[in-house]
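I need the structure of the sequence given here:
(chains A and B)
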Amino acid sequence: MKSTSRRDFLKFMGLTGAACLASAAPLCASTEGAGECETAIAMLYDATMCVGCKACMAACKRVNMDQNNLSYEHLATDGDKLWDAPRDLSGDTRTIIKLYKESDTRFSYVKHSCMHCTKPGCVSACPVKAMTKDPVTGVVAYNKNACIGCRYCQVACPYNIPRFQWSKAIPQIVKCDFCKETNLKAKGKPACGETCPVGAIAFGKRKDLLAEAHRRIADNPGRYVNKVYGEKEVGGANHLYLAAFPFEKLGLPTLKEESPAALSEHIQHTIYKGFIAPVALYGVLCAVALKNKKEQEKLGHGEDN
Amino acid sequence: MGHHDEYQVQHGKILTRPFFVLLALVVIGFGLIAYRFIAGVGAVTGLSDGYPWGIWIAYDVATGTAFACGGYALALMIYIMNRWKYHPLIRSALLTSVFGYCLAGFSVMVDLGRYWNAYSFFLPSRWQPNSIMFEVALCVMTYSTVLIIEFLPAVLYTLEHSRWQWVRDAGQWLHPRLTPSGETLQSGLSAVSRAAGHVQVRLDKVLIFFIVLGITLPSMHQSSLGSMMIIAGDKLHPLWQTGFLPLLFLINCIFIGYATVMFESIISSYGFKRPYETHELSGLAKVVPMVAGLWMAVRFGDLIWRGQIPAILAFDRNSFFFLLEMALIGGGAAMLLWRKNRLSPRMLFVSGAILMLGGGLFRFNVYLIGFNPGEGWSYFPSFAEFMITVGIVALEILGYLVLVKIFPVMPNPKKHFEEEVEEAAGELVGVPIPDAANARVFVGK
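The predicted structure is shown next:
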């Protein structure tokens, strides 16, 4: 380093810093605190209307089969492979109807699928923009062509919705995207909502459905628990639920209103705001190390690496 | 410049019995890895949609890179804290770091479901800077490259000074028509040597900037490895889920780094029947209780602030693992408070091992044991999954064993003990200068 003068060094550091700032600043543009936009579309599932026919499951798989490379899941006892019988959401199943049974007369069906969060953990977690949230419709969709299969979205999802195709050599993440590329595009409605014979799955603007949900509770206070699930969970979701039983009994987790994704991004943005801290750290460490090195060279030890 | 005799090549046969044992483990591991690429991740692991990350992430990446922080922690001590007496230790620590990081990257490629899309990290249009993993991935890739550059002087030195006997032998063994004439060979080889020397001189001039980059990058991604799990929210038990995870991971990797240097130095001195570097190690050991103490202060301060003290005393699974983690880290660090222990290779080794276990357990707890996705999910690594990790660790050790016999990595005892022992005579009263005879005392045979 004998040939580098102090001025050269400062010049180099300044240029490096400026370059890093210029390249990093637009990347760190904040997306926090936006809330769900007016145009967001949503789904309202009323568990008290659902009859458990599972037509939505069949329609979902039929429509999205090719896009997600889904398979039918057969029971061992079903030798003729007649029935699709998934036990849970999986790498082959984007939505499922489950039964919560308190007694023979008191029970409820419940539909599980992606909540399309306002502040989705999966989108925040994905390092390569394979999970994206549409800024207009609010639909959280998956792009297999970008996905690297790291499964961080699964870690980040408070509802355990994204599923991975564990037994495939060329796997995908599988989750509901409101039939964004299939039924929604073709018929303006997700396959499940289109198929439901009893109207348990309503589809429309989020603000309209939210008002509708509260109206139903107000009209029939004895029929529902007084809560719209998905209204506030981890910052809100575009999949809303009405039910007669407490939601945790139906397998829907009790969650705080704050989104861990927002906290995670807040911490990351605080540390890396404008990439100033890392560059400053590098600059300071360089100065200290160079000073120490010079001192050592004077003592005759020198850098011998 | 150029005290290259500070380091020496470890002489000895490369094809030893440990070599073949490790090789067997590597072959088994890589066989299973091949099977994973044919049959899918699910075929070789105990992973599920509730536990999407298993030991490949919790050990190979989250814990393995902390064990590989010896290079980082030592560089911090030497170049920033200006303690150049530790310089002789840096190459072997660097070599461990190179293997730790590169193989962590390799494990990730085995773990990734859609690995062929990994080039996405090099397409700025696909960058997602809100993602903690994006930061970790880019940072780890850059740091692995920096580590290799930091290790290059050892390689270049060997290229420059090699007598190329093995090339000549190979030439002799091959059919004469396949080998160039003696003169051509000679001029080619000396050109390589000259080029290596040429690069070496230029690299020396800028190396310090890479070294400092090698201090900055781990500070970034080791803290981010902690931030990674914040997004898991309530799935991670409150004993571990905190906004202080980045700070805890950062401090944690520093004391694990020193512990690994202690552990690795003593085990290789023992294995290679070299004198112990007790003097340098005892200096490092003095710092460890301070760093670990700071870590525990942050840890407990955070738990008190969040009102999680009752969770410690719940005596359930999580509280057990928390207490174990604390006992190991506290115990391992406390041992080093006594000067007598710091000057005993045996105690340095034991303490290093305990600290690695405890520090590693903290990371394991965050990534796996404290992680609960809800009812109905469970995870235990499958045998194949475990053997793949074993194979990768075996490759790490194997690579170390081979490379120290090719490149000048180990500290040259003749060189640095002469200087250091005189300098530090005051501090080392009553302690015999470590030598090969001491090795046998330590073994107890």
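
what about the helices in the stretch 101-250 of chain B?
For the stretch 101-250 of chain B, the helices defined by DSSP state H, counting those that start in this stretch occupy B:132-161, B:165-173, B:182-227, B:245-271.

Could you find the closest non-adjacent residue to the residue in the stretch 251-400 of chain B positioned nearest to chain A?
Nearest residue of the stretch 251-400 of chain B to chain A, counting by Cβ to the nearest Cβ: B:Pro373, 5.5 Å away. For glycine as for every other residue, the C-beta is placed from the backbone atoms N, C-alpha and C. Nearest residue to B:Pro373 in three dimensions, chain neighbours excluded: B:Gly50, at 3.8 Å (Cβ to Cβ, 6 or more residues apart in numbering or on different chains).

Doesn't the one you found belong to a strand?
No: under DSSP: H, G, I helix; E, B strand; the rest coil, B:Gly50 falls outside any strand and is assigned coil.

Who are the contact partners of it?
By Cβ atoms under 8 Å, 6 or more residues apart in numbering or on different chains, the residues touching B:Gly50 are A:160, B:373-374, B:376-379.

Swap in 10 Å and give it another go.
Applying Cβ atoms under 10 Å, 6 or more residues apart in numbering or on different chains to B:Gly50 gives the contacts A:88, A:154, A:160, B:235, B:371-379.

What residues does B:Gly374 make contact with?
A:158-160, A:251, A:253, B:50, B:234-235.

OK, contacts around B:Ile309?
Counting by Cβ under 10 Å, 6+ apart, B:Ile309 touches B:300, B:303.

got a pLDDT number for it?
pLDDT, B:Ile309: 92.

repeat for B:Ser351
96.

Would you confirm that it contacts B:Gly332?
Yes: if you go by Cβ atoms under 10 Å, B:Ser351 and B:Gly332 touch, sitting 4.9 Å apart.

and stretch B:65-79, what's its mean pLDDT?
Average pLDDT, stretch B:65-79: 94.

Contacts only, for A:His112.
Residues near A:His112 by Cβ under 10 Å, 6+ apart: A:45, A:88-89, A:93-98, A:159-161, A:176, A:239, A:250-252.

so where's chain A uncertain?
Scanning chain A for pLDDT under 70 picks out A:1-36, A:300-305.

Have a look at it and report its longest helix.
Taking DSSP state H as the criterion, chain A has its longest helix at helix A:276-299.

Which residue is it, in the stretch 201-350 of chain B, that comes closest to chain A?
Proximity of the stretch 201-350 of chain B to chain A (Cβ to the nearest Cβ) peaks at B:Gly233, 3.3 Å away.

Wait, that residue touches A:Thr254, no?
No: the pair B:Gly233 / A:Thr254 is not scored as a contact, 12.0 Å apart, by Cβ under 10 Å.

in the strand or helix carrying B:Gly352, what counts as buried?
In the assignment (DSSP states H and E), B:Gly352 maps to helix B:345-364. Residues of helix B:345-364 classed as buried by neighbour count (16 or more other Cβ atoms under 10 Å in any protein chain shown): B:345, B:347-364.

Equivalent analysis for stretch B:259-273, please.
B:259-266, B:268-270.

so how far is it off the chain centroid?
Chain-centre distance of stretch B:259-273: 13 Å, with Cα atoms, centre = their mean, to the nearest Å.

hmm, it touching chain A?
No: figure legend: stretch B:259-273 not in contact with chain A (Cβ under 10 Å from any Cβ of the partner chain); closest approach 16.4 Å.

quick one: average confidence on that stretch?
93.

what does stretch B:215-226 give?
The average pLDDT for stretch B:215-226 rounds to 94.

how about it against chain A, any contact?
Yes: Stretch B:215-226 lies within reach of chain A by Cβ under 10 Å from any Cβ, at B:215-217, B:219-220, B:223-224, B:226.

Just the buried positions in that stretch, please.
For stretch B:215-226, a neighbour-count test (16+ other Cβ under 10 Å) marks B:215-226 as buried.

got a list of what residue 92 touches?
Here I'm looking at chain A. A:61, A:65, A:68-73, A:84, A:86, A:163, A:165, A:167-168, A:174.

Hmm, no, I was thinking of chain B.
B:Ser92 sits next to B:7, B:10, B:70-71, B:74, B:261, B:264-265, B:268, B:277, B:400, B:403-404, B:409-411 when contact means Cβ under 10 Å, 6+ apart.

can you rerun that using 8 Å?
Neighbouring residues of B:Ser92 by Cβ under 8 Å, 6+ apart: B:264-265, B:268, B:404, B:409-411.

and if you look at B:Gly331?
For B:Gly331, the contacting residues are B:354, B:358, by Cβ under 8 Å, 6+ apart.

Could you give the number of residues near the closest residue to B:Arg83 other than its chain neighbours?
Closest residue in space to B:Arg83, ignoring its immediate chain neighbours: B:Met77 at 5.1 Å, by Cβ to Cβ, 6+ apart. By other Cβ atoms under 10 Å in any protein chain shown, the residues close to B:Met77 number 24.

B:Pro345 versus B:Met77, what's the distance?
Per Cβ to Cβ, to the nearest Å, B:Met77 is found 20 Å from B:Pro345.

just wondering, since we're on the closest residue to chain B within the stretch 201-305 of chain A, how far is it from B:Ile230?
Residue of the stretch 201-305 of chain A nearest chain B, by Cβ to the nearest Cβ: A:Pro260 (3.3 Å). In this view, A:Pro260 and B:Ile230 are 6 Å apart by Cβ to Cβ.
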